[in-house]
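Starting from these lines, generate the structure:
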Amino acid sequence: AGHTGYTGVTGYTGPRGLIGTGGALGHFGKFYYNNTKTINSGDSFSIPFTTVNSNGINLNSDTSEVKIMFDGIYNINYSFQFYYPTEDNLDLNYSIRIMKNNSFINATRNYTVHGSFESYGDSKSLTNLEQFNAGDIIKIIVYNTSTNNSKLKILTDNVIVNGISYGAILSIDQIMYTQL
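Predicted coordinates:
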């Protein structure tokens, strides 16, 4: 066998392609609720959301149901604005729960507001990581667990973004392995 010949001249470089659009690597959903709602003792309220922006996470026709379209680990963040009309000096007990496919996940938060003759507002928020499969449904539910006729209000007067008042904000973001 003979020796290998020399390498020829390298050809010219072809034209560059167009620059692609930027954007999110993972799936996400940003939602809000912008109504004032009173929740009486013993009642619950599934939050009906409106979409701000989403990719791979959608609202069902029942807008309190958020549908995850792709498998993955997701970061769930919510923030609520509450008003405690405690002029009657009653203690108020309530919880915020996340339901996945009609079962509660381990992300329930319970709160007690002690009676007062002055009403005031407050905000509550949570961040939770959860594994989802394509087609999973989540709901955010507020329960007034009081037994003494106290009232809880989701209030829209305190948080204004781009001219819209929000009583609740929900953000769901897929955690990507490419995020280091």
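
rest of the way, CA atoms for contacts and neighbours
OK.

isn't residue 140 right next to residue 95, touching?
No: Residue 140 lies out of contact with residue 95 (C-alpha atoms under 8 Å); the separation is 10.5 Å.

hey, what's the closest residue to residue 104 other than its chain neighbours bridged with?
Nearest non-adjacent residue to residue 104, counting by C-alpha to C-alpha, 6 or more residues apart in numbering: residue 98, 5.9 Å away. In this entry, residue 98 is beta-bridged to residue 140, by DSSP bridges.

How about residue 149: what's its closest non-neighbour residue?
Distance criterion C-alpha to C-alpha, 6+ apart; nearest residue to residue 149, sequence neighbours excluded, is residue 41 at 5.1 Å.

Find the centremost residue of this protein, please.
Residue closest to the mean C-alpha point of the chain, counted by C-alpha atoms, centre = their mean, is residue 170 at 2.7 Å.

That residue pairs with what?
residue 31, residue 78.

quick one, what contacts it?
Shown in contact with residue 170 (C-alpha atoms under 8 Å, 6 or more residues apart in numbering): 29, 30, 31, 32, 76, 77, 78, 79.

Format those residues as TSV; extra columns: distance to residue 113, neighbour count and pLDDT.
Listed next are those as TSV, based on distance: C-alpha to C-alpha, whole Å; neighbours: other C-alpha atoms under 10 Å; pLDDT from 0 to 100:
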residue	distance to residue 113	neighbour count	pLDDT
29	31	22	95
30	29	20	94
31	27	20	94
32	25	22	90
76	25	18	95
77	23	16	94
78	20	19	91
79	18	17	89
